[in-house]
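Trainee: kindly generate the corresponding structure for this input.
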Amino acid sequence: MSARERSWYEMVIDSAFGDDLDALMKLVRDEMAAFFDVVNNKEFKQIEQKYSGPRAVLMKLAGKIDEMDT
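Mentor: Got it, this is the predicted structure:
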């Protein structure tokens, strides 16, 4: 993927606002908890507090997932 192309998850993250963004964050937390068995509400809240906003959290998570996939 070139620097100009955006992945599907970047488009989803960029299009989420308000209640949709909250729902997306909950979905991400729930999925992480199901697959990684290490993320609970407290741990996810710490991740959220570390970054400037939900978009930054989601982009960081997506980047790490990409790294794991390659």
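Trainee: the residue sitting nearest the centre point of the chain sits in which helix or strand?
Mentor: Note on the chain: the residue nearest the mean C-alpha position is Leu58, at 2.4 Å, using CA atoms, centre = their mean. Following DSSP states H and E, one finds Leu58 within helix 54-69.
Trainee: how about Leu21?
Mentor: Take DSSP H and E as the rule and Leu21 turns out to sit in helix 18-36.
Trainee: which strands and helices sit next to that helix?
Mentor: helix 41-50, helix 54-69 (3 or more CB pairs under 8 Å, 6 or more residues apart in numbering; DSSP states H and E). Every C-beta, even on glycine, is put in place using the N, C-alpha and C of the backbone.
Trainee: the last one packs against which elements?
Mentor: Okay, so that is helix 54-69. The contact analysis (3+ CB pairs under 8 Å, 6+ apart) places helix 54-69 against helix 8-15, helix 18-36, helix 41-50.
Trainee: distance check, the residue nearest to Tyr9 when sequence neighbours are not counted against Ser15.
Mentor: Excluding the flanking residues, the one nearest Tyr9 by CB to CB, 6 or more residues apart in numbering is Ala62, at 4.9 Å. Going from Ala62 to Ser15 by CB to CB, to the nearest Å gives 14 Å.
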